[in-house]
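Student: Here is a sequence together with a model predicted from it:
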Amino acid sequence: MLRLYKRPMPNAWLWSEAETMTNDKPQSVAILGGGAWGTALANLAAVNGHRVHVWSRQGAETLETVLQNAQIILSAISMKGVGDVVAQVKSLPLSPETIFVTATKGLDTQTTCTPSQIWQTAFPNHAVVVLSGPNLSKEIQQSLPAATVVASSRIDAAESVQLVFSSSRFRVYTNPDPVGVELGGTLKNVIAIAAGVCDGLHLGTNAKAALVTRGLMEMVRIGTFWGAKTETFYGLSGLGDLLATCNSPLSRNYQVGYQLAGGKMLTEILTNLPGTAEGVNTCRVLVQKARQQHIPIPITEQVHRLIVGEITPGQALDELMLRDIKPEYKY
């Protein structure tokens, strides 16, 4: 359903007027995707006094109506819907100054492209900004403090988006490495599945700490191959998002791993899961890419074997623990 937010939604935000960011130049913001994440972002912008319109496939309003005069178009749709929505938006008239923001975390299963690459290919003359960080939507809706990163090759565009969403409860940083910021939020979903398995098997804190640390190394390894900067993965969109997603039952990817460890079948888990666990499809794409380029990603490999039913959670653990011993780093 389309929603126009001129004020915070009742009972959703508990901030006083003094706590919101002052805004002398309200922007027209179109949010594509009416799920929990899209709604949370819509509220963040609305609290700051911006004109916010939300579009969803089930809504009564057309996409053309929602995008009319939009200065910022933010996509919070699932990965599988990105290509179709991009094609629809491309057929509509837009201002050449319109900024696109993508808040989707995933990889296209056919092209292995990231969401921002899909948007940028379709709109080569527009600024594209990536928004990613440790942002569990339910906590943001409860106005709990959080931080995120907006990244773009166009720093002016990133700074414009930063102003739209920043508040006393949502701190927004800019970053000039959109590839790294986007991949940080995408790759950690696979490690979150592994972390859920770890907790589901009750393997303890030592095991989980080792898993998350080595998982971060995998993220850096494949991310830098894609052109990301190493240091980006040690920031909010990498390590920060990894810690949040690997430690919260609110994470859908964590829940997939936790329930797999409990003996449930993947199809059953995904059927009953609210929203999309992007890590499942991302894992398949990563394994394909890593094998082609001979990039070692042992944790991701075991997660992939687990979700396709080749091994049990216990066998995946044994495979990881019995790998050949090696130095922690290459000196």
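Tutor: On my side now, so go ahead.

Student: where does the closest residue to Ala36 other than its chain neighbours sit relative to Ala76, distance-wise?
Tutor: Nearest residue to Ala36, sequence neighbours excluded (CB to CB, 6 or more residues apart in numbering): Ser137, at 4.2 Å. (Each C-beta comes from the backbone N, C-alpha and C, glycine too.) Ser137 is 9 Å from Ala76, where distance means CB to CB, to the nearest Å.

Student: ok, now Glu301?
Tutor: 30 Å.

Student: If you count surrounding residues, which of these two has more?
Tutor: Per other CB atoms under 10 Å, whichever of Glu301 and Ala76 has more neighbours is Ala76, with 24 against 19.

Student: close enough to count as contact, the more buried one and Trp37?
Tutor: Yes. Using CB atoms under 8 Å, Ala76 makes contact with Trp37 at a distance of 4.8 Å.

Student: residues shared between the contacts of these two?
Tutor: Taking CB atoms under 8 Å, 6 or more residues apart in numbering as the contact rule, Ala76 and Trp37 both touch Ala103.

Student: For the spatially most central residue of the chain, which non-adjacent residue is spatially closest?
Tutor: Centroid check for the chain by CA atoms, centre = their mean gives Lys105 as the closest residue, at 3.3 Å. Using CB to CB, 6+ apart and skipping the chain neighbours, the partner closest in space to Lys105 is Gly185 (4.3 Å).

Student: same check, this time on Leu32
Tutor: Among residues not flanking Leu32 along the chain, Ser75 sits closest, at 4.7 Å (CB to CB, 6+ apart).

Student: Can you name the next helix or strand after the helix or strand of the chain with the lowest mean pLDDT?
Tutor: Using mean pLDDT, DSSP states H and E, strand 3-5 stands out as the lowest-scoring helix or strand of the chain, at a mean of 42. Moving toward the C-terminus from strand 3-5, the next helix or strand (DSSP states H and E) is strand 28-32.

Student: buried ones in the helix or strand following that next one?
Tutor: Next along the chain after strand 28-32, taking DSSP H and E as the criterion, comes helix 36-47. Within helix 36-47, the residues that count as buried by 16 or more other CB atoms under 10 Å are 36-47.

Student: by contact count, what packs against whichever strand or helix holds Lys289?
Tutor: If you go by DSSP H and E, Lys289 is part of helix 278-293. Applying 3 or more CB pairs under 8 Å, 6 or more residues apart in numbering; DSSP states H and E, one finds that helix 278-293 contacts helix 79-90, helix 178-200, helix 205-225, helix 252-261, helix 298-307.

Student: Show me which residues of it are buried.
Tutor: Neighbour-count burial for helix 278-293 flags 278-287, 289-290 (criterion: 16+ other CB under 10 Å).

Student: Identify the residue with the minimum pLDDT among those residues.
Tutor: The lowest pLDDT within the buried residues of helix 278-293 belongs to Lys289, with 90.

Student: quick one: contacts for it?
Tutor: Contact analysis of Lys289 by CB under 8 Å, 6+ apart lists 112, 222, 295.

Student: domain assignment for the protein?
Tutor: The chain is divided into the following domains under automatic domain parsing: 3-176, 179-321.

Student: looking at those domains, which has the lowest confidence?
Tutor: Out of these, domain 3-176 stands lowest, with a mean of 89 (criterion: mean pLDDT).
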